[in-house]
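In: next come a sequence and a model predicted from it.
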Amino acid sequence: MVQFSSAFCTPCRATHALLAQMVTSMPDVKHIQIDAESHLELVRQLDIRSTPTTLFLDKAGVEVGRAAGTPKRDQVLAALSAIN
C-alpha cells in the first residue's frame, strides 16, 4: 500500500495509523507513506487528486485499487484480498 499524504492533513495521520497497525499482522503486506508536496511530479503522473490517497499495488507494482480519503478497515481488507 502506498499512501500519499501532506503535512497538515489530519485524515492523513488517521490513515497512516490505521494502515501501519494493519500491516503488523500481515507479513506479506507493506505500507509506505509518501509526502505528496515533496513528490509533485509523481503525484501528477499517478493522478493523485487529494490526500490521503492510498494505492493498492500487486507484487509486480501494478495498481489494482485506490482509496481516496481515510479508508475503513473493511475497505482495506477487501482491496488486499482482491490482490493475487
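Out: Perfect, thanks for sending it.

In: flag every buried residue along stretch 33-53.
Out: The neighbour-count check on stretch 33-53 (16 or more other CB atoms under 10 Å) flags 33-34, 36, 43, 46, 48, 51-53 as buried. Every residue, glycine included, has its C-beta placed from N, CA and C.

In: just those: which are in helices?
Out: Here DSSP state H is the test, and the buried residues of stretch 33-53 give Val43 as lying in helices.

In: which of the buried residues of stretch 33-53 sits closest to Val64?
Out: For the buried residues of stretch 33-53, the minimum distance to Val64 (CB to CB) is 13.6 Å, reached by Leu46.

In: the closest one against Leu57, yeah?
Out: No - at 10.9 Å, Leu46 does not count as touching Leu57 under the criterion of CB atoms under 8 Å.

In: where do the contact lists of these two overlap?
Out: Here Leu46 and Leu57 have Glu63 as joint contacts, going by CB atoms under 8 Å, 6 or more residues apart in numbering.

In: out of the buried residues of stretch 33-53, which comes closest to Ala67?
Out: Thr53 (7.1 Å).

In: ok, the closest one - contacts?
Out: Counting by CB under 8 Å, 6+ apart, Thr53 makes contact with 3-4, 66-68.

In: need the max-distance pair from the buried residues of stretch 33-53.
Out: Farthest apart among the buried residues of stretch 33-53 by CB to CB are Gln33 and Leu46. That separation is 14.5 Å.

In: what is the burial count for Pro11?
Out: By other CB atoms under 10 Å, 14 other residues sit near Pro11.
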